[in-house]
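1. here you go, sequence then predicted model.
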Amino acid sequence: MSEMRTNENKLVMNEYLEVSVKSDLVQLCSDCYHTLGWTIINSSSGLDAVKLKLQRDRKIKNRVALCDLQRKCEDAFINIEKLERSKNTNAMALALGAGIVGTVFMAGATFAYLAAMIPLCVVLAIPGFIGWGLPYFLYKKNVKKSADRVNPLIESNYDMIYEACEKASQLLA
């Protein structure tokens, strides 16, 4: 994806890149790509992501080193997005599991009621109601626990991005 044009009898070749970034990482991502020698030529917003169209001179000095730093930054952005999603995933699975178990107990209580076994109905309804009320608290507790575990990893990825951008800035200077 390159374009050729003449500029004062000099051949200029540009390379183009299109990236999709979550809306909360757009500013950091655009700063990062700018530091890597890219210029934003267009951006368009989607539901939860923003598409950035970028260009830079193909003959930029230290291009190979900049491409390596760019890959490190892109990997770090991907890791940040995965880690952010993982905060909720385990907590949601546990909460849904508890809700399903509560529903099974309530179904058993309903069938016990229909069979005129009222004492069994009461015994099954108690864990059923607990299973319906517990998921909210399980979710909140496990999201906090996951966030405490994942936040240092997210910060290390941010540090990796900042270090790569500092190296890129030195290469372009």
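-> Sure, I can see it.

2. cross-check the contact I'm expecting between residue 95 and residue 136.
-> Yes: using Cβ atoms under 8 Å, residue 95 is in contact with residue 136, at 7.3 Å. All C-beta atoms are positioned from the backbone trio N, CA, C, and that covers glycine.

3. out of these two, which sits in the busier spot?
-> residue 95 (21 against 12; other Cβ atoms under 10 Å).

4. okay, now the sheet partners of the biggest strand by length in the chain, with direction.
-> Once the chain is assigned using DSSP state E, the strand that runs over the most residues is strand 11-22. Its sheet considered, strand 11-22 pairs with strand 2-6 (antiparallel), strand 49-57 (antiparallel) by DSSP bridges.

5. pull out the buried residues from that strand.
-> 14, 15, 19, 21 (16 or more other Cβ atoms under 10 Å).

6. residue 64: which of those residues is nearest?
-> residue 15 (13.1 Å; Cβ to Cβ).

7. skipping adjacent residues, who's closest to the residue nearest the centre of the chain in space?
-> Central residue of the chain (Cα atoms, centre = their mean): residue 81, 1.9 Å from the mean position. Using Cβ to Cβ, 6 or more residues apart in numbering and skipping residues adjacent in sequence, the residue nearest residue 81 is residue 22, 6.1 Å away.

8. was I right about residue 146 contacting residue 86?
-> Yes: the pair residue 146 / residue 86 is scored as a contact, 6.7 Å apart, by Cβ under 8 Å.

9. how about the helices in this protein?
-> For the chain, applying DSSP state H gives helices covering 26-35, 63-114, 118-172.

10. what mean pLDDT does the first one have?
-> In this model, helix 26-35 has a mean pLDDT of 90.

11. got it, and stretch 153-162?
-> Here the average pLDDT along stretch 153-162 is 95.

12. and that stretch, C-alpha only, in CSV?
-> Output of stretch 153-162 as CSV, limited to C-alpha atoms (Å, rounded to 0.1, in the frame of the first residue of the first chain):
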residue,chain,number,x,y,z
LEU,A,153,0.1,-6.3,34.0
ILE,A,154,-1.8,-3.5,32.3
GLU,A,155,0.6,-0.9,33.8
SER,A,156,3.6,-2.9,32.6
ASN,A,157,2.1,-2.9,29.0
TYR,A,158,1.7,0.9,29.3
ASP,A,159,5.3,1.1,30.4
MET,A,160,6.4,-1.0,27.4
ILE,A,161,4.5,1.4,25.1
TYR,A,162,6.2,4.5,26.7
